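Asks: Fold the following, please.
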Amino acid sequence: MFADLLTPTAHGLFGQIDAWVFLLVAALAVLVGAAVQSMVGLGLGLVAAPVISFLDPTLMPGALLITVIVLPVLTLLQEWRHVDWHGVAWGLPARIPGTLLGVWVVAVLEPRALGAFVGVMVLVAVGLTARSFRVRVTPLSLVTAGTVSGFAGTTTSVGGPPMALVYQNEPPERVRATLAAFFLFGGAFSLLALALGGQIDTRTTVAGIAAIPFVGLGFVLGGRVRRWVDPTRMRTVLLIVVTISAVGLLVQAALG
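Replies: Below you'll find the model as predicted:
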């Protein structure tokens, strides 16, 4: 019964895959992404979104939003004292219009087109993350990043890079804690909006809940290796892997 619910309904580049293979690959992507995010403040959506979209775009973005909302809770339990609540107060309300637009996009796009959209948004996110733009933390930058993050987070579950760009020059613990607060409240609103819009079904919910334990494992793993890993080198490897995944999504969409 459980395997039947998780059997992919869409055919990917290599045909339809077995439910347990899908769960194993998706769980590995979630675990790696959670470990990366626990170290640098973002990464779960960047890593897992293209993988899940590649395997079964019908589960996106709802399943991953259900999964990723757990990690900010774990981060805040450790680092809530470092949250920039002033920045959250500016950026979070700005997420609302972006979220509503994102719900409309998810409703009108077919699964394969949504997968291609995820690929494009991930490549944009990689470009923003790779470039060293100097952005000051101001009400204008926070409102702009909040709106874009709401749209990207709702449509693809990759809403971290716009806010990370604003906070990239802040201390690591401040970045992790502030992004966690923004992801928690913003992700919950995106999930609620998608549910009200009818984009969350039983399969989506089961897949999202099934991946939650791997978020916890990734969080623990990331916390253990954080002190021994060079963040710059790790970010470079992450961006290369994510870029390959996003290009694969676009190839899949092009081949039909």
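Asks: buried set for stretch 204-213?
Replies: Thr204, Val206, Ala207, Gly208, Ala210, Ala211, Ile212 (16 or more other C-beta atoms under 10 Å). Every residue, glycine included, has its C-beta placed from N, CA and C.
Asks: brain fart, stretch 52-61
Replies: For stretch 52-61, by 16+ other C-beta under 10 Å, it's Ile52, Ser53, Phe54, Leu55, Asp56, Pro57, Thr58, Leu59, Met60, Pro61.
Asks: cool, and stretch 94-107?
Replies: Neighbour-count burial for stretch 94-107 [16+ other C-beta under 10 Å]: Ala94, Arg95, Gly98, Thr99, Leu100, Gly102, Val103, Val106.
Asks: could you dump those residues to a markdown table with secondary structure?
Replies: Formatted as a markdown table, the buried residues of stretch 94-107 follow (DSSP: H, G, I helix; E, B strand; the rest coil):
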| residue | secondary structure |
| --- | --- |
| Ala94 | helix |
| Arg95 | helix |
| Gly98 | helix |
| Thr99 | helix |
| Leu100 | helix |
| Gly102 | helix |
| Val103 | helix |
| Val106 | helix |
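Asks: mind putting these in a markdown table, distance to Met163 and pLDDT included?
Replies: Below are these laid out as a markdown table (distance: C-beta to C-beta, whole Å; pLDDT from 0 to 100):
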| residue | distance to Met163 | pLDDT |
| --- | --- | --- |
| Ala94 | 11 | 92 |
| Arg95 | 10 | 91 |
| Gly98 | 12 | 91 |
| Thr99 | 14 | 92 |
| Leu100 | 18 | 92 |
| Gly102 | 15 | 89 |
| Val103 | 20 | 90 |
| Val106 | 21 | 86 |
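Asks: Tell me the one of the residues you listed nearest Trp20?
Replies: Val106 (27.3 Å; C-beta to C-beta).
Asks: mind listing what the closest one touches?
Replies: Pro61, Leu114, Thr154, Thr155, Leu194, Gly197, Gln199 (C-beta atoms under 8 Å, 6 or more residues apart in numbering).
Asks: can you pull the buried residues of the helix or strand harbouring Val30?
Replies: Using DSSP states H and E, Val30 falls within helix 19-40. By 16+ other C-beta under 10 Å, the buried positions in helix 19-40 come out as 19, 22-23, 26-27, 29-40.
Asks: Over the following helix or strand past it, what's the mean pLDDT, rounded is fine.
Replies: Beyond helix 19-40 in the direction of the C-terminus, DSSP H and E gives the next helix or strand as helix 44-55. Helix 44-55 shows a mean pLDDT of 82 in the predicted model.
Asks: got the contact list for whichever helix or strand comes after helix 44-55?
Replies: Moving toward the C-terminus from helix 44-55, the next helix or strand (DSSP H and E) is helix 62-68. With contact meaning C-beta under 8 Å, 6+ apart, helix 62-68 is reached by 30, 44-45, 48-49, 52, 153-154, 157, 183, 187, 190-191, 194-195, 199-201, 204-205, 207-209, 211-212, 215.
Asks: Quick one: residues contacting Gly187.
Replies: Leu65, Val68, Ile69, Pro72, Gly153, Gly159 are the contacts of Gly187 under C-beta under 8 Å, 6+ apart.
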